[in-house]
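Trainee: I'll drop the sequence and a predicted model, then ask my questions.
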Amino acid sequence: MSELVRPTEEDYNIWTVRPLRNVRDSDESSETYGQRINIEISDVEWEEQKQSVRDMLSNWDKEAFQMIRMERNHKLTETDWAVLPDSALTDELKADITNYRKQLRDLPSTDSDPTNIVFPKNPLED
């Protein structure tokens, strides 16, 4: 899994620069009537955009943990066969796999920061 980096408000330029919107000029008395022009968005629209980014940032950890769980579940599925009774693995390797799977199942509850998650090493990949 690639390294997760938590975004910050500074990653979004909406805090200091009011965004522009490209629209067709509908003022018939204007020299630019019918042409595309850039206008500033309203205060309400700007606050809505800021709130949207704040909401996205506040949900980032939740979504990151969902991605981690998906990766964890994939790793568990990859080793399902190894813990079956008819597996040809040695008892020692089966014990290592069982421990590995327990460590996976404990993720991400063992860490509260999704940027610090470290997956255990799969003993079958030695």
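Mentor: Alright, I've got the coordinates.

Trainee: this protein: helices as residue ranges?
Mentor: For the chain, applying DSSP state H gives helices covering 43-78, 91-106.

Trainee: could you tell me the least trusted of those?
Mentor: Mean pLDDT per stretch puts helix 43-78 lowest among those, at a mean of 90.

Trainee: taking helix 91-106 as reference, get the angle to it.
Mentor: If you take axes from the mean of the first three to the mean of the last three C-alpha atoms, to 10 degrees, helix 43-78 sits at 160 degrees to helix 91-106.

Trainee: buried sites along helix 43-78?
Mentor: Residues W60, A64, F65, I68, E71, R72, K75 are the ones in helix 43-78 that count as buried (16 or more other C-beta atoms under 10 Å). C-beta here means a position set from N, CA and C on the backbone, and glycine is covered the same way.

Trainee: helices or strands up against that helix?
Mentor: Here helix 43-78 is seen to pack against helix 91-106 when contacts are counted using 3 or more C-beta pairs under 8 Å, 6 or more residues apart in numbering; DSSP states H and E.

Trainee: contacts for the helix it packs on?
Mentor: Here helix 91-106 makes contact (C-beta atoms under 8 Å, 6 or more residues apart in numbering) with 72, 75-76, 79, 82-83, 87, 89, 119-124.

Trainee: list buried residues within these.
Mentor: By neighbour count, with 16+ other C-beta under 10 Å, the contacts of helix 91-106 hold R72, K75, T79, A82, L89, N122, P123 as buried.
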